[in-house]
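Participant: Mind looking at a prediction? Sequence and model below.
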Amino acid sequence: MLRGCLAVLLAFQSRPVFAAALKQLNSAVQTTDYGAFFDGNGSIGGSLPVRAGKETKKATRVAAWDYQTLREAKDLLSRGTQQLGAGPILPFTFNFKEGGAQTARSAGLEGFVYAEWEISQTRGSASIEHHVQDYIRYVDALLAPVSWAADARAALRQIDQAYANPREKYEKVMEFVRGYTESLRQAVKAADGAAWVRGARIYEIFPRAYNLQSKRENEGSWKGGKQETKFFADFADKDLADIRDKGFDTLWVMGIFPIGEKGRTGTGGGSPYSIKDHSAVNPDLGSPDDFRAFVARAHRLGMRVIMDFVPNHTSMDSKMLDEHPDYFINRPAQGDTPPDGYFLHQDKSTGKKYWIRHGGMAGWGGKRDYWIDTAQVDYSNPMFRQEMVRTVGRWVEKYGVDGFRVDMAYLVTNAYFGGTWGNEAGSSMPQREFLEELITEVKSRYPQTAFIAESYDRWDDLSSAGFDLIYGKNNMDRPGGHHGWFDAVASKDPGWIREALKRSEFLQWQAGGSDMLEFIGNHDESSPARVFGSWQGGAAFLTLLMPGSKLFYGSAEIGYDAAVPTDGKPLPFSVPVAIDWSKADPDTTRFYNETFQAAQQLKAELGEMDMEVLRTDTAWVGYVLRPKDAQNASRKAAVVIANPTDRTVSVSFKAAGGIEYNGSLPPYGYALLRY
């Protein structure tokens, strides 16, 4: 049962002004053009502060930044610039005068000023002003490796020398750092061609199971006669528009490659992630021209298309393995019966036999887990790395795809790959991260291309590599902490959910590092009904009404679930499955249709939104939605609240701008409050 309500009567009129403290954090001193510290006379660097009033001209220059300059700016903001011989600078830790400490949520200027804002709101700035010299040293260290930040360093030194009183120095330092940071943030947003993905609403399709004929029959638009032939050729404008009209602007067509036959498991056609050719379209889904036309149709209807990139492995009979066995973790065969974790492969051109590692990952207690229908590639091989970079670039060049969801991305970071396979790799690991090399090469040529990491570890490595989004599933151990969205809402723990909301609030605000891609399901997870039970409505409501990027798995909107005992996915890979759209659960369908509509209405009323978490220590959770454009007096605000517990809870809060509420929520209830 999906419990809740999608609207609550208007509580009262309030001034539609973004009066919250977080908005104040974004307000630079109006009379100073901080952008002049890095924008100069048309290029990075080279001038003293001047009066504001060059916004249009500045935006034009910023948009011309090359990708390397954009990378430097993002490192400075949120990923940490590189210390000579010592790696990236870490998040700053504030020590309180009265004892205790708080580490910033990220490295860089954004993490620093955000943490200072949080502490000032909760404890008061008097608790941290005594360490002002440490703040100057930290900011100076961040700026030092960046050639175009010399003027900012000089300005910081001038403040240090000009003010002896610690309180006054603290205020002047923070005024400068906030203003410089905000100006740089806005410049990065203007220059980032892939910024679109940070607000993308992504609809994931499993093409083998999508069953267009059943969908059209259920809608009454099937004309009978000839059956559908190829997915990409048959997916028409109306099919795209149906998804777009639900509020989705991006399609992820999952698993479009030819699937390996050797070692294939199950009867469903094999795993889409056991890939025979990373450069080809699965002929069962259509021709290369069909896929190119599909992408063009989506673009014409105002939608973007992303696809998988699977870097960690291929199928056991892949084209790459046939052509380059040296690109794989291997050893010379000693007989025809390989040990556990290997399979036998014979080079067709030389007749030489190899034992090839199955694709895998480090499991509990150091024991490896293997995907037994795959072959493990070797990221110590520079030639292999270059080939994978070329392969990804060709998909953008030939087909116009807009981005890539990178499968199990953390497995190919130097730290993880070296720790798992280092003693078996063909050579030592290159110093450069492959994923940074890949993203830099592709974005330098195609700046609008987005990269999304499926990852459950190594958040900071992936953010530094240049990923725009990282999966929001689990908690990660990192400086400043990380609370993943999916596991938090599945836990039904209000405190955990609130911490995940705070993490999301920060990641949506910051412009330098990766944002979190929130979801309540995808092709790897069990259906939302199985994961959340009676809490499905509240979990979905909280997720889908949040601003920022969201992922939704096609057919979840009708409650479809074809899981089998050996494969808990709602659309299993191991057995044949085709969505029967006529078997839609009416309550689930009604709920999602209303929630999709509510999300679109909020976007229409508020425009681009900021989220402020309601920081209460209660059994319910919630957030305030306000327009980013605070000057638009015709717009108001909204509040989303939810109760993840199995008991009725009282709800009472006051928020900036005159927003307040007193009421209650039933077990697993949720509500949208409009102001």
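Facilitator: Here it is on my side, so go on.
Participant: all helices for the stretch 151-300 of the chain, in order.
Facilitator: 166-191, 207-210, 212-219, 231-234, 237-244, 288-300 (DSSP state H, counting those that start in this stretch).
Participant: lowest confidence element among the helices and strands of the chain?
Facilitator: One helix or strand of the chain scores below all others by mean pLDDT, DSSP states H and E: helix 55-62, with a mean of 41.
Participant: Going C-terminal from it, what's the next secondary structure element?
Facilitator: Next along the chain after helix 55-62, taking DSSP states H and E as the criterion, comes helix 67-74.
Participant: List the buried residues for that next one?
Facilitator: Residues Tyr67, Thr69, Leu70, Arg71, Glu72, Ala73, Lys74 are the ones in helix 67-74 that count as buried (16 or more other Cβ atoms under 10 Å). Yep, even glycine has a C-beta here, placed from its N, CA and C like the rest.
Participant: Break down the stretch 501-650 of the chain into its strands, ranges please.
Facilitator: 515-519, 550-553, 609-613, 621-627, 638-642, 649-655 (DSSP state E, counting those that start in this stretch).
Participant: Direction included, what does the third one pair against?
Facilitator: Okay, so that is strand 609-613. Applying DSSP bridges, strand 609-613 is found paired with strand 621-627 (antiparallel).
Participant: picking that back up, can I get the helices of the stretch 151-300 of the chain in TSV with mean pLDDT and mean neighbour count?
Facilitator: What follows is those, written out as TSV (pLDDT from 0 to 100; neighbours: other Cβ atoms under 10 Å):
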stretch	mean pLDDT	mean neighbour count
helix 166-191	94	20
helix 207-210	96	22
helix 212-219	89	17
helix 231-234	95	19
helix 237-244	97	16
helix 288-300	98	17
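Participant: Kindly calculate the angle that the strand or helix carrying Val396 makes with helix 288-300.
Facilitator: According to DSSP H and E, Val396 maps onto helix 382-399. Counting by axes from the mean of the first three to the mean of the last three Cα atoms, to 10 degrees, helix 382-399 lies at 60 degrees to helix 288-300.
Participant: list the buried ones in helix 382-399?
Facilitator: Phe384, Arg385, Glu387, Met388, Val389, Thr391, Val392, Gly393, Trp395, Val396, Tyr399.
Participant: Which single one of the residues you listed is nearest to Arg297?
Facilitator: Tyr399 (12.4 Å; Cβ to Cβ).
Participant: I'd like to know how far that closest one sits from Leu251.
Facilitator: Distance, Tyr399 to Leu251, using Cβ to Cβ, to the nearest Å: 13 Å.
Participant: Would you check that Leu212 makes contact with Ala233?
Facilitator: No. The pair Leu212 and Ala233 does not pass the contact test of Cβ atoms under 8 Å, sitting 10.5 Å apart.
Participant: re earlier: just put the buried residues of helix 67-74 in TSV and tack on pLDDT and distance to Met546.
Facilitator: What follows is those, written out as TSV (pLDDT from 0 to 100; distance: Cβ to Cβ, whole Å):
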residue	pLDDT	distance to Met546
Tyr67	94	29
Thr69	94	31
Leu70	95	26
Arg71	95	28
Glu72	95	30
Ala73	96	26
Lys74	97	23
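Participant: Reformat those into JSON lines and put distance to Pro339 next to each item.
Facilitator: Output for the buried residues of helix 67-74, formatted as JSON lines (distance: Cβ to Cβ, whole Å):
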{"residue": "Tyr67", "distance to Pro339": "44"}
{"residue": "Thr69", "distance to Pro339": "50"}
{"residue": "Leu70", "distance to Pro339": "47"}
{"residue": "Arg71", "distance to Pro339": "43"}
{"residue": "Glu72", "distance to Pro339": "47"}
{"residue": "Ala73", "distance to Pro339": "49"}
{"residue": "Lys74", "distance to Pro339": "44"}
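Participant: Stretch 400-413: end-to-end distance?
Facilitator: 27 Å (Cα to Cα, to the nearest Å).
Participant: That one - what's its average pLDDT?
Facilitator: Averaging pLDDT along stretch 400-413 yields 98.
Participant: With stretch 347-364 instead?
Facilitator: On average, stretch 347-364 scores 92.
Participant: For the host helix or strand of Ile497, buried residues please.
Facilitator: Using DSSP H and E, Ile497 maps to helix 494-509. Of all the residues in helix 494-509, those buried under the rule 16+ other Cβ under 10 Å are 494, 496-509.
Participant: centre of the chain versus it, how much separation?
Facilitator: 14 Å (Cα atoms, centre = their mean, to the nearest Å).
Participant: Please pick out the residue of the chain most distant from its centre.
Facilitator: Relative to the mean C-alpha coordinate of the chain, counting by Cα atoms, centre = their mean, the farthest residue is Gly335 (45.7 Å).
Participant: tell me the SS of that residue?
Facilitator: Here Gly335 takes the coil state, with states given by DSSP: H, G, I helix; E, B strand; the rest coil.
Participant: So what's the predicted local confidence for Trp371?
Facilitator: On the pLDDT scale, Trp371 is placed at 96.
Participant: Low-confidence stretches in the stretch 201-350 of the chain?
Facilitator: Residues of the stretch 201-350 of the chain that meet the criterion pLDDT under 70 lie in 222-228.
Participant: Quick test: name the residue nearest the centre of the chain.
Facilitator: So for the chain, Cα atoms, centre = their mean, it's Leu469, sitting 2.2 Å from the centre.
Participant: Now tabulate the helices of the stretch 151-300 of the chain in JSON lines and tack on distance to Leu673.
Facilitator: Formatted as JSON lines, those follow (distance: least, Cβ to Cβ, whole Å):
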{"stretch": "helix 166-191", "distance to Leu673": "29"}
{"stretch": "helix 207-210", "distance to Leu673": "36"}
{"stretch": "helix 212-219", "distance to Leu673": "34"}
{"stretch": "helix 231-234", "distance to Leu673": "42"}
{"stretch": "helix 237-244", "distance to Leu673": "28"}
{"stretch": "helix 288-300", "distance to Leu673": "35"}
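Participant: For Gly658, which of the ones you listed is the nearest?
Facilitator: helix 166-191 (25.8 Å).
Participant: separation between Ala540 and Pro494?
Facilitator: Distance from Ala540 to Pro494, by Cβ to Cβ: 17 Å.
Participant: just to revisit the earlier point, Throw the strands of the stretch 501-650 of the chain into a markdown table and include mean neighbour count, distance to Ala194 and mean pLDDT, thanks.
Facilitator: Output for those, formatted as a markdown table (neighbours: other Cβ atoms under 10 Å; distance: least, Cβ to Cβ, whole Å; pLDDT from 0 to 100):
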| stretch | mean neighbour count | distance to Ala194 | mean pLDDT |
| --- | --- | --- | --- |
| strand 515-519 | 25 | 11 | 98 |
| strand 550-553 | 25 | 17 | 98 |
| strand 609-613 | 21 | 20 | 95 |
| strand 621-627 | 25 | 24 | 96 |
| strand 638-642 | 25 | 28 | 97 |
| strand 649-655 | 16 | 33 | 95 |
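Participant: between these, which gets nearest to Thr181?
Facilitator: Here strand 609-613 is closest among these (Cβ to Cβ), at 16.6 Å.
Participant: in stretch 132-141, what counts as buried?
Facilitator: Within stretch 132-141, the residues that count as buried by 16+ other Cβ under 10 Å are Val132, Tyr135, Ile136, Tyr138, Val139.
Participant: Out of the residues you listed, flag the one nearest to Gln121.
Facilitator: For those, the closest approach to Gln121 (Cβ to Cβ) belongs to Tyr135, at 17.4 Å.
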